[in-house]
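Q: got a predicted structure plus its sequence, pasted below:
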Amino acid sequence: MRLLVLIKVALKAITKNKMRSLLTMLGIIIGVGAVIVMVAIGEGAQASVESQISQLGTNLIIIFPGASKQGMVSMGAGSNSRLTLDDLEKLQKNTTMLSGISPIIRAGVQVIGGAGNWSTAVSGVSPDFLQIRQWDLQSGEFFTTQDVRTQAKVCVIGQTIAKNLFPNDDPVGQQIRLRSVPFRIIGVLLEKGQSASGDDQDDIILAPYTTVQFRLSGWRGIRQILCSASTEEIMPQAQEELRQIMREAHKIPVGEDDDFTIRNQTDIAEAAAQTTKVMTFLLAAIASISLVVGGIGIMNIMLVSVTERTREIGIRMAIGARESDIMIQFLIEAITLSLSGGILGILFGIAGTYLVKEFGGWNTVISPATIVISFAFSGVIGIFFGFYPARKAASLNPIDALHFE
């Protein structure tokens, strides 16, 4: 019963000065709202990255060239060109845990045909590429193993190429020239949109890797080799098997470092997730500064309130109120102000997140955990910054308080 009375007295003191109470809560409102918006932006970015990574392919494992050295200086990952078609053939013959394997051989080209010309890159891949990357065709068909073997001059194009070169025609069956080499279009890919890095995934031409290497590129190295493990569970074993085959193919002695790099989908996802988590944490930390500032504002107003109500405190003590009663009353006032600001801040944060998504075009994800933590933190702020004013009010001398003017 005593606690209910104290809560009633505290609420009456807050509602007595509505405008001052609202201004006192403003810092908490802005702080909680800012935390929710910033974390929503960070988690939205993380969700976008994870979505893009999931589109890389099924159980994806990627083999990159390793780092070359000049003297004792490493030139960085991918600087040697020791991935070759021989490596690809050895992997195709000896791996037992893969459902697909495809090299990536790239060449920049000027495409001529249809309604004009277009500058892009052609990627030489194997027939397994679509299955590895989980891409689909809108029309036509993909090239075959026989096309790879015979270096057939056929290709599959993305939507950007189709829209720019064949805006009013069906590209399938049409002929284009890549540099000076004529190619026949046998398929068109479904639209995929931008990648996580902002690249246009539809601005692409796929052709048999032998055709690209020997007719367009002129470079005998392979940029990377994409592999798809049969199941997600055997990815670590598949990765180790690939490593052993590659070391044997490159005749690397025991104890020496690999001259290639193998990464799997999980490694890429974890690295991206770590980056976005750090960004989310930094955004939340910056926004949390507003909460601390709001707590300082509550403490200042509560100190002013203690001074204004010194005589009231003296009267209450004179008629039997204990120090603990006075302290609890002022703590309740501080906590109420803070939690009320937290509730309004949550509404402000949800509205702000919606506006950022609708008008800013950013992907945002509101986490219930963030809302709960922000609300709880606003209560902690009220206790922490309300304790000193409450303690000061409780420690007043009743006689001095009664004589206060």
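A: Perfect, I can see it now. Numbering: from 1, shown residues only.

Q: list the contacts of Arg247.
A: Counting by C-beta atoms under 8 Å, 6 or more residues apart in numbering, Arg247 makes contact with Asp258. Just so you know, the C-beta spots here come from the backbone N, C-alpha and C atoms, and that holds for glycine as well.

Q: which SS state does Val172 fall under?
A: With DSSP: H, G, I helix; E, B strand; the rest coil as the basis, Val172 sits in coil.

Q: contacting residues for Tyr388?
A: Met299, Leu303.

Q: one more pass at 7 Å, please.
A: Met299 (C-beta atoms under 7 Å, 6 or more residues apart in numbering).

Q: can you pull the phi/psi pair for it?
A: Main-chain torsions, Tyr388, degrees, to the nearest 10: phi -60, psi -50.

Q: quick check: it vs Thr210, distance?
A: Computed as C-beta to C-beta, to the nearest Å, the Tyr388 to Thr210 distance reads 77 Å.

Q: need the helices for the stretch 1-150 of the chain, in chain order.
A: In the stretch 1-150 of the chain, the helices defined using DSSP state H, counting those that start in this stretch lie at 2-16, 18-54, 85-94, 129-133, 145-149.

Q: which strands and helices sit next to the longest one?
A: Where contact means 3 or more C-beta pairs under 7 Å, 6 or more residues apart in numbering; DSSP states H and E, helix 18-54 is packed against helix 265-308, helix 323-360, helix 368-394.

Q: could you list the buried residues of it?
A: Neighbour counts over helix 18-54 (16 or more other C-beta atoms under 10 Å) mark 21, 24-46, 48-49, 52-53 as buried.

Q: worst-scoring helix or strand of the protein, pLDDT-wise?
A: The weakest-scoring helix or strand in the chain, judged by mean pLDDT, DSSP states H and E, is strand 73-74 (a mean of 44).

Q: can you list the low-confidence ranges for the stretch 51-200 of the chain?
A: 51-58, 67-81, 195-198 (pLDDT under 70).

Q: try it again at 50.
A: Low-confidence segments of the stretch 51-200 of the chain (pLDDT under 50): 68, 70-79.

Q: could the helices and strands packed on helix 18-54 be laid out in TSV, adding mean pLDDT?
A: Listed next are the helices and strands packed on helix 18-54 as TSV, based on pLDDT from 0 to 100:
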stretch	mean pLDDT
helix 265-308	72
helix 323-360	84
helix 368-394	83
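
Q: now these in TSV, with distance to Gly193?
A: Below are the helices and strands packed on helix 18-54 laid out as TSV (distance: least, C-beta to C-beta, whole Å):
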stretch	distance to Gly193
helix 265-308	18
helix 323-360	18
helix 368-394	28
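
Q: and those helices: which comes nearest Ile101?
A: Proximity to Ile101 (C-beta to C-beta) singles out helix 265-308 among the helices and strands packed on helix 18-54, at 15.1 Å.

Q: show the subsequent helix or strand relative to the closest one.
A: Following helix 265-308 in sequence order, the next helix or strand is helix 310-318 (DSSP states H and E).

Q: quick one: that next one to helix 368-394, angle?
A: 80 degrees (axes from the mean of the first three to the mean of the last three C-alpha atoms, to 10 degrees).

Q: what comes up buried for the biggest strand by length in the chain?
A: Of all segments of type strand in the chain, defined using DSSP state E, the longest is strand 98-113. Using 16+ other C-beta under 10 Å as the test for burial, strand 98-113 gives 98, 100-107, 109, 111-113.

Q: can you tell me the closest non-neighbouring residue to Ser378?
A: Gly342 (3.2 Å; C-beta to C-beta, 6 or more residues apart in numbering).

Q: shouldn't that neighbour be in contact with Ile28?
A: Yes - the pair Gly342 / Ile28 is scored as a contact, 6.0 Å apart, by C-beta atoms under 7 Å.

Q: between these two, what contacts are shared?
A: Joint contacts of Gly342 and Ile28 (C-beta under 7 Å, 6+ apart) are Ser378.

Q: would CSV of the buried residues of strand 98-113 with distance to Ile286 be doable?
A: CSV is the format used below for the buried residues of strand 98-113 (distance: C-beta to C-beta, whole Å):
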residue, distance to Ile286
Leu98, 45
Gly100, 44
Ile101, 46
Ser102, 44
Pro103, 45
Ile104, 40
Ile105, 45
Arg106, 40
Ala107, 45
Val109, 46
Val111, 46
Ile112, 51
Gly113, 52
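
Q: for those residues, which one is nearest Ile298?
A: Ile104 (58.9 Å).

Q: now do the same contact list for that closest one.
A: Ser123, Val125, Ile222, Arg223, Gln224, Leu226.

Q: can you do 10 Å?
A: Ile104 makes contacts with 62, 83, 123-126, 129, 209, 212, 222-226, as judged by C-beta atoms under 10 Å, 6 or more residues apart in numbering.

Q: distance of it relative to Arg215?
A: 16 Å.

Q: go on, Ala318?
A: Ala318 sits 101 Å away from Arg215, going by C-beta to C-beta.

Q: when these two are compared, which one has more neighbours?
A: Neighbours were counted for Ala318 and for Arg215 using other C-beta atoms under 10 Å; Arg215 has more, 19 against 12.
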